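> Kindly generate the corresponding structure for this input.
(chains A and B)
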2 protein chains.
Amino acid sequence: MTDFKATKAMFDLPDGVVYLDGNSLGPVPKAATSRVAEMMTEEWGKMLITGWNKAGWMGFPIGLGDRIGRLIGAEPGSVVTGDTLSIKVYQAVASALELCPDRKVVLSDNGNFPSDLYMVDGLLRSLGPDYELRVVAPEDVAANITEDVAVLMLTEVDYRSGRMHDMKALTELAHANGTITVWDLAHSAGAIPVDLSGCNADFAVGCTYKYLNGGPGAPAFIYVAPRLTDRVRPALSGWLGHEAPFSFDLDYRPGSGIERMRVGTPPIIQMTALSAAMDIWDMADMADVRAKSIALTELFINRVEATCPELRLASPRDAKQRGSQVSFRFEEGYAAMQALIARGVIGDFRAPDIMRFGFTPLFIDEQDVERAVDILADIMANRLWDTPEYKQRQRVT
Amino acid sequence: MTDFKATKAMFDLPDGVVYLDGNSLGPVPKAATSRVAEMMTEEWGKMLITGWNKAGWMGFPIGLGDRIGRLIGAEPGSVVTGDTLSIKVYQAVASALELCPDRKVVLSDNGNFPSDLYMVDGLLRSLGPDYELRVVAPEDVAANITEDVAVLMLTEVDYRSGRMHDMKALTELAHANGTITVWDLAHSAGAIPVDLSGCNADFAVGCTYKYLNGGPGAPAFIYVAPRLTDRVRPALSGWLGHEAPFSFDLDYRPGSGIERMRVGTPPIIQMTALSAAMDIWDMADMADVRAKSIALTELFINRVEATCPELRLASPRDAKQRGSQVSFRFEEGYAAMQALIARGVIGDFRAPDIMRFGFTPLFIDEQDVERAVDILADIMANRLWDTPEYKQRQRVT
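Purely as a prediction, here's the structure:
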């Protein structure tokens, strides 16, 4: 059983704050700062160039990948960290397209995070005018997995509403059609149990600065199914994905296994911070995290609906259809969110009218949720963002 | 006049070590560790998600780019940091190729760092069979800038020998031929004065963990000539290169200026370490750095040649043709370098027989060079790597 009191104690959270934005940027693990300082003085400072071997830096991308892999149902040795999520999306889709050379369509949905669409748009423009990015409504995805679709690229959990796609069913449907899948787990990893292996997923990508708490700009990760790894060509074929990086051959030969999806020199300081965050995750069981997440989101929804009639639920009501976040629509949501943040409850706002709240069981508990709703209800009942005192304060600060 | 005593005092260097490998990984600036710790506790820890605006994180890629830009003769607002050098090579060459749509050849040389060749090989395979990466000997580059060459991609300073290309002359030759240039400054930035603007360069890329001392895995940078910026399409078209990242539009519209070469979320912890390194660089004048670098390399070459007859100079003898490193060939160079490192003089080895030494005036002075040569001469004269005592010690440690 995951000890959530213990995990909560391992984060530095500002006094008086209820942080419901861990789905955007997780908070700092207490051990991360000293771990990074130690790496900088003892490893970088004293080992200098030899740190790549002596301190094991060269192995960080794979070591961290395996620890993340446990949370997303990946086989050992099938996940590697590095670069940014955008880069990993590009790599996954470029590789996937080459597995279906006779098809030219990438199918996605308009609930996807825009950057994923931008990266694929950029890739397809490079590949030529025959290629097409086809974007449909989330509910129309299944019906649009047609015979010309090479790649189905979806974000499992919608970043605005928390709505979940059925990864297993859509992957099966895609495979029956000869389509390769690329799953973006940005709002899944550390948020919900993911079973890449059990779903027979092909490629998956994600970031580590949200639920995984790796810090601002923490590296991304990529998963390639072991049955595919040795067949994929990494379009971004960099030094550290080479079979023998230190032989400095002029010709590229991809490394074996997931190592070939590495590109350039890994960001060791960021990875050290991430490793402190993964120490906390190593204590967690995703089934426990999911159970607590559902309890927290149900509590939040019920209390908000009971006390804030102006807010309309924008997330699925059925917890099984929902990730680890809850969104409400409210026309004056931007101003209301600013007032809420000023009172120490940090969520965020997504245009045009979505107030978004993330629930992260490693450091959020029932008391936090109750306190957040009490403050929100007070703000809403008194339209606090609309009072002269509040407006005055906003101008001053 | 640059105060090199002051800059040296700003680095943490292990006692008894002469570090002649700052061309691979620069040492840690004393201020970097506390700066990073402060960023982690005060910014990430207390500001949480609001750090992106309140702490100015979102502006780091451009702010650091301008500070690097001063060292390489770039116009303000023409350099942005992020990703890895491999990724920036890909972006630059992909963008450059689109400026010459009727040509399909990328010309480079076999002295280039292999990863640059790997990345272009990967790019060209994606673009299709019409494209060709043509690799010639460094001395044959000029003669091979033929009418079918779209892009000339060169590393200015050879990573093994320190031999320099003439950036100005080759860029002029390329332009006269309608060819776009991509210069890799990995061994130039902070090593020699570079005048991108004066050379009329088109694209340049580089890393910040070598001479710039940004730390292991520090971000890369990319330069695009201001006359080209608004014409180039960033093949890696990510979120933060969008004109309006936070409007979350489904369609990509590139941002204005160099911002469009940004891709994903920047690595803020690494960038904070880099900013501490750039504080030292802000105190330096590249003309002074070059003068001292030449003095140090001349001193090293003269003394080594006077005391170690077995070593043959592999770098250009003329300082004007040489970057800030010196290489010697020696058949047993690997073993000799290991013995040298064991005695506290850290250089590195590149197969098959190159002993490589980097000279970094910010923290290396004449006394360091003299001490390094004394130890090297002792090792060579007594073939210390070949003695039973040394071999015994190697087995134990």
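> how long is stretch A:140-158 from one end to the other?
For stretch A:140-158, the separation between the terminal residues is 15 Å (C-alpha to C-alpha, to the nearest Å).
> Residue for residue, what is the longest strand chain A has?
For chain A, the strand with the greatest residue count under DSSP state E is strand A:149-155.
> What residue in the stretch 51-200 of chain A comes nearest to chain B?
Nearest residue of the stretch 51-200 of chain A to chain B: A:Thr84, at 2.7 Å (C-beta to the nearest C-beta). For the C-beta atoms, the positions are set from N, CA and C on the backbone; glycine is no exception.
> Would you mind measuring from that residue to A:Arg343?
A:Thr84 is 33 Å from A:Arg343, where distance means C-beta to C-beta, to the nearest Å.
> who has more neighbours, the two?
More neighbours surround A:Thr84 than the other of A:Thr84 and A:Arg343, with 30 against 17 (other C-beta atoms under 10 Å in any protein chain shown).
> shouldn't the more buried one be in contact with B:Pro219?
No: checked against C-beta atoms under 8 Å, the pair A:Thr84 and B:Pro219 is beyond contact range at 10.6 Å.
> Strands of the stretch 151-300 of chain A, start to end?
A:180-184, A:203-207, A:220-224 (DSSP state E, counting those that start in this stretch).
> and the ones you listed as CSV, adding mean pLDDT and mean neighbour count?
CSV is the format used below for those (pLDDT from 0 to 100; neighbours: other C-beta atoms under 10 Å in any protein chain shown):
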stretch, mean pLDDT, mean neighbour count
strand A:180-184, 98, 27
strand A:203-207, 98, 29
strand A:220-224, 98, 28
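> Let me have those strands in JSON lines, adding distance to chain B as columns.
Shown next, in JSON lines, are those (distance: least, C-beta to the nearest C-beta, whole Å):
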{"stretch": "strand A:180-184", "distance to chain B": "12"}
{"stretch": "strand A:203-207", "distance to chain B": "7"}
{"stretch": "strand A:220-224", "distance to chain B": "7"}
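> List just the one of those strands that sits closest to B:Pro267.
Checking the strands of the stretch 151-300 of chain A against B:Pro267 by C-beta to C-beta gives strand A:220-224 as the closest, at 10.7 Å.
> Pull the residues that contact the closest one.
Strand A:220-224 is contacted from outside by A:64-65, A:68-69, A:72, A:74, A:78-85, A:87-88, A:91-92, A:95, A:189, A:196, A:201-208, A:232, A:258, A:261, B:264, using C-beta atoms under 8 Å, 6 or more residues apart in numbering or on different chains.
> quick one: contacts of the lengthiest helix in chain A?
The single longest helix within chain A, with elements called by DSSP state H, is helix A:286-307. Residues outside helix A:286-307 that contact it (C-beta under 8 Å, 6+ apart) are A:1-2, A:4, A:71, A:190-194, A:311, A:313, A:315, A:317, A:319, A:322, A:324-326, A:328, A:357, A:359-362, A:364-366, A:369-370, A:372-373, A:376-377, A:380-381.
> Try it again at 7 Å.
A:1-2, A:4, A:71, A:192-193, A:311, A:313, A:319, A:322, A:324, A:326, A:328, A:357, A:359, A:361, A:364, A:366, A:369, A:373, A:376-377 (C-beta atoms under 7 Å, 6 or more residues apart in numbering or on different chains).
> Please check those and keep the buried ones.
Among the contacts of helix A:286-307, those classed as buried by 16 or more other C-beta atoms under 10 Å in any protein chain shown are A:2, A:4, A:71, A:192, A:311, A:322, A:324, A:326, A:328, A:357, A:359, A:361, A:364, A:369, A:373, A:376-377.
> ok, and for stretch A:154-170, which residues are buried?
Using 16+ other C-beta under 10 Å as the test for burial, stretch A:154-170 gives A:154-165, A:167, A:170.
> Chain B contacts on the stretch 151-300 of chain A?
Neighbours of chain B within the stretch 151-300 of chain A, by C-beta under 7 Å from any C-beta of the partner chain: A:209, A:215-217, A:234-239, A:242, A:247-250, A:252, A:263-270, A:273.
> doesn't A:Ile62 fall inside a strand?
No: per DSSP: H, G, I helix; E, B strand; the rest coil, A:Ile62 lies outside any strand segment and is helix.
> how about the nearest residue to it, chain neighbours excluded?
A:Val80 (5.7 Å; C-beta to C-beta, 6 or more residues apart in numbering or on different chains).
> Remind me what the longest strand of chain A packs against, helices and strands.
Packing contacts for strand A:149-155, counted by 3 or more C-beta pairs under 7 Å, 6 or more residues apart in numbering or on different chains; DSSP states H and E, involve helix A:85-99, strand A:105-109, helix A:114-127, helix A:167-176, strand A:180-184.
> next one: that strand to chain centre, how far?
For strand A:149-155, the separation from the chain centroid amounts to 18 Å (computed by C-alpha atoms, centre = their mean, to the nearest Å).
> Could you quantify the relative orientation of that strand and strand A:105-109 as an angle?
20 degrees (axes from the mean of the first three to the mean of the last three C-alpha atoms, to 10 degrees).
> Would you give the sheet partners of strand A:149-155, along with the direction of each?
strand A:105-109 (parallel), strand A:180-184 (parallel) (DSSP bridges).
> what's the angle between that strand and strand A:203-207?
30 degrees.
> what does strand A:149-155 contact?
Under the contact criterion C-beta under 7 Å, 6+ apart, strand A:149-155 has outside partners A:93, A:96-97, A:100, A:103-109, A:112-113, A:116, A:120, A:141, A:145, A:165, A:170, A:174, A:177, A:179-184, A:186-187.
> Compare the strands of the stretch 151-300 of chain A and give me the one nearest B:Met58.
Closest among these, using C-beta to C-beta: strand A:203-207, at 16.5 Å.
> confidence score at A:Phe246?
Listed pLDDT for A:Phe246 reads 87.
> With A:Gln392 instead?
74.
> so where does it fall, helix or strand?
Using DSSP states H and E, A:Gln392 sits in helix A:388-396.
> hmm, that helix in reach of chain B?
No: residues of helix A:388-396 contacting chain B under C-beta under 7 Å from any C-beta: none, with a closest distance of 14.7 Å.
> Surely the residue nearest to A:Ile62 is in a strand?
Yes: according to three-state DSSP, A:Val80 belongs to a strand.
> beta partners for it?
Applying DSSP bridges, one finds that A:Val80 bridges with A:Ile222.
> That one against A:Arg262, yeah?
Yes: in this structure, A:Val80 is within contact of A:Arg262 by C-beta atoms under 7 Å, at 5.9 Å.
> neighbour-wise, which of these two wins?
Neighbour tally, A:Val80 and A:Arg262, criterion other C-beta under 10 Å: the higher count belongs to A:Val80, 32 against 29.
> In contact with that one, which residues are there?
A:Val80 is in contact with A:61-62, A:65, A:221-222, A:258-259, A:261-262, counting by C-beta under 7 Å, 6+ apart.
> Not counting its neighbours along the chain, what's nearest A:Arg393?
Nearest non-adjacent residue to A:Arg393 (C-beta to C-beta, 6+ apart): A:Ala342, at 7.4 Å.
> burial of that neighbour, as a residue count?
Counted by other C-beta under 10 Å, the residues lying close to A:Ala342 total 15.
> Backbone dihedrals for it, please?
Main-chain dihedrals, A:Ala342, degrees, to the nearest 10: phi -60, psi -20.
> what's the distance between it and chain B?
Separation of A:Ala342 from chain B (C-beta to the nearest C-beta, to the nearest Å): 11 Å.
> hang on, the earlier thing: distance from the helix holding A:Gln392 to the middle of the chain?
36 Å.
> With stretch A:52-64 instead?
On C-alpha atoms, centre = their mean, the centre of stretch A:52-64 falls 23 Å from that of its chain.
> now swap in stretch A:83-101 and tell me
17 Å.
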